[in-house]
Each structure stands twice: as structure tokens, then as C-alpha cells.
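Chemist: fold the following for me, if possible:
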Amino acid sequence: MNVLLSSASNKIPLLRALQHAVKRVTSNGIVTAGDLNSNVLSRHFCDEFWQMPATIEQHKDEIVSALKQRGITHVLPSRDGELLFWAQLKSSLKAHNIHVIVSSPEAVEQCLDKLRFGNHSIPGAESNCIIPTSSALEALKENTDSERYVVKERFGAGSKSIGVNLNSSEAAEHAKKLSTPIYQPFIDGQEISVDAWLSEKHEVKAAMCRVRALVINGESQITYTQPQSVFLSEIGKALTSLKLSGPVVLQAIVSNNKLHIIECNTRFGGASTLGIKAGVDSLYWSLLESSGENVAALPVNLSHEKITQMRAATDYYL
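Modeler: Now for the predicted structure:
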């Protein structure tokens, strides 16, 4: 087993968690860190390093050829901008016994498009817990009773360009700064993340809610779990309806004891190592499922105690 962590960059906790999962499956398995940049920290912690071409259509044949030459058996994408590239290769690579740990292209596209995601309806749900989203402010004002709004880019992470808690005139003005603005009602509450894993049949095996207590540059530096959250059933229905698979991270706001889903990242999250610690064994399950194991039969041991994760720089000496 040779697992490629694509866009490895400086994601050392993810790299080490992946190495641990690989060793649990096979003692001689390795992890290859791949990145466009050769000057990244991950090259000093991986088993092998590959300075990859950019994950774009023009380099597809070169990348596929290199995967075969290097004996790569699995690919774990870790950056939003490459998810669709790998998702579109998933089916053809499987024919060469190379397994890509990502959802289908259709599911990835829907989650990357915040307008489509915001208009997704959950079958069988009493009320839609996904925050309503519109490309027109006036249309949103007509369909909601909100007087405060969030304005963001339809595509991309866009956390730096987001406008939050704006009145209608401020929202219209902020939208002029964006290329493809979308509008949502502003909801004041506690933001949570949900680490989850789904099978290739879109069945949720486990999920764990966590609160981001300290966020720096968009990444959780202090985060803690919320075991046995009352929203897990509702979250599970939403994830299944999106036809996701593998590790995912869902973002939501809890306000007045109601769940309001913001978006979903179809990848392993920056702080999802806490999910593994709490029992959402996503990387291990992904590797086993691709090997033909019946992951549904494996036990799930979710922690019933609150676990706090603190992320800080550490010195290493070679």
C-alpha cells in the first residue's frame, strides 16, 4: 500500500494520522507526500516525496502515468481546489487499482457550489436545516424574515471576502466587491464543525460535532468535541441526501436549539484529527473499504467524554 497525500503542504498532523492508519492496515505500507512546491514541511515527515505537477486537466495524463510508475495504490486529496480533479479521475483510476478517497464528481460539485448547496432539499426532513441561499438579495428578502445578511463568493473558500451581519444596503454594497456574490440570512449562534465518514453507499458510519474555540487564518487552533449531540440524526440525513462518501466536514450554526447548515467540505478537515481521536476513524475506514473489507461490520467507539484539541507549533530535530 502506497497512499498519496495530495497537496500535502505543511499538513503534518494529517500526514502522521494517515501514516498511522496505513500501518494498521499493512506493516509495510507507506505514505507519499505530494505537492507542487518542493519546499514544504511534509517532505521531511513522509516516507516518500513527490513534487507533483498542478492538479489541472492539462497535466492529467502526466499525473496518471506517474501514479502508476510510483506504485500509488490510494490518493487522499486534501485541498478544496483539487477535489473535483480527483473525483473526475476516480472511476478510471479504480480500473488500475488506484483508489481515490473522495466523493463522486456530482456530490463534490454540489458542495463546491454554495448556491446549489444552499438550495438542496433533504428528503423526509420536517424542515430544511440548510441555510437558504440566493443570488439575488431582493429574492432572499421576500422569502425570509431576516433583516441582516451574509454575503460571500459562490465558489471558493472566500473567508477573507465574506461580509457578515450586514443590513440590506451594506450587503448590496459589499456584493459589488465580489465576482459572483450570493446572499444568506445572518444567523447569530454557535458555529460547529462535524467530522463524519460515509461509505461508498452514502451511509453515515459515525459523526462527531466539535466547537471551534479559537480560529487563526481559517484553521481551528483550539477545538473541543460535543459528544452525543442532539443534532447527529439530522446531520446524518443531510449528509446521506448529498450522496457523499469518505471523510467530510460539515459546517453549521446552532441557534435557539435549531441546526442551520452552512456548507460541507468533501475532504478531511484541518482539525479532523480530533474526530479520529474521538472515534470517527475515517482514514482507516477509507483504506479498509477500498481493500474490500466490510467496514459496516466494524464497531464504532465514539468517546462519550469531551475532548479538547490544542494545536501549536512543535520543534523537531533531524
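Chemist: please enumerate the helices of the chain.
Modeler: Shown for the chain, the helices assigned by DSSP state H span residues 12-25, 60-69, 80-94, 105-112, 114-118, 137-143, 168-175, 232-241, 273-277, 282-290.
Chemist: what is the fourth one packed up against?
Modeler: If I follow you right, that is helix 105-112. Contact partners of helix 105-112 among helices and strands, from 3 or more Cβ pairs under 8 Å, 6 or more residues apart in numbering; DSSP states H and E: helix 80-94, helix 114-118, strand 258-265. All C-beta atoms are positioned from the backbone trio N, CA, C, and that covers glycine.
Chemist: one more pass at 10 Å, please.
Modeler: Helix 105-112 sits against helix 80-94, helix 114-118, strand 246-255, strand 258-265, with contacts defined as 3 or more Cβ pairs under 10 Å, 6 or more residues apart in numbering; DSSP states H and E.
Chemist: mind listing what's buried in the longest one?
Modeler: Using 16 or more other Cβ atoms under 10 Å as the burial criterion, the residues of helix 80-94 that qualify are 80, 82-90, 93.
Chemist: can you check the second one too?
Modeler: If you call a residue buried by 16+ other Cβ under 10 Å, then helix 114-118 has these buried ones: 114, 117-118.
Chemist: tell me the mean pLDDT over it?
Modeler: Average pLDDT, helix 114-118: 96.
Chemist: Asn301: what's it in contact with?
Modeler: Residues near Asn301 by Cβ atoms under 10 Å, 6 or more residues apart in numbering: 206, 278-279, 281.
Chemist: what does Leu244 give?
Modeler: When contacts are counted by Cβ under 10 Å, 6+ apart, Leu244 is found next to 102-104, 107-108, 110-111, 196-199, 202, 204, 238, 250, 264, 266.
Chemist: pLDDT score for it?
Modeler: The per-residue pLDDT reported for Leu244 equals 98.
Chemist: how far does the lengthiest strand in the chain sit from its chain's centre?
Modeler: For the chain, the strand reaching the highest residue count under DSSP state E is reported as strand 204-216. Relative to its chain's centre, strand 204-216 lies at 11 Å (Cα atoms, centre = their mean, to the nearest Å).
Chemist: what are the pairing partners of it, and which direction each?
Modeler: Sheet pairing of strand 204-216 (DSSP bridges) gives strand 190-198 (antiparallel), strand 219-226 (antiparallel).
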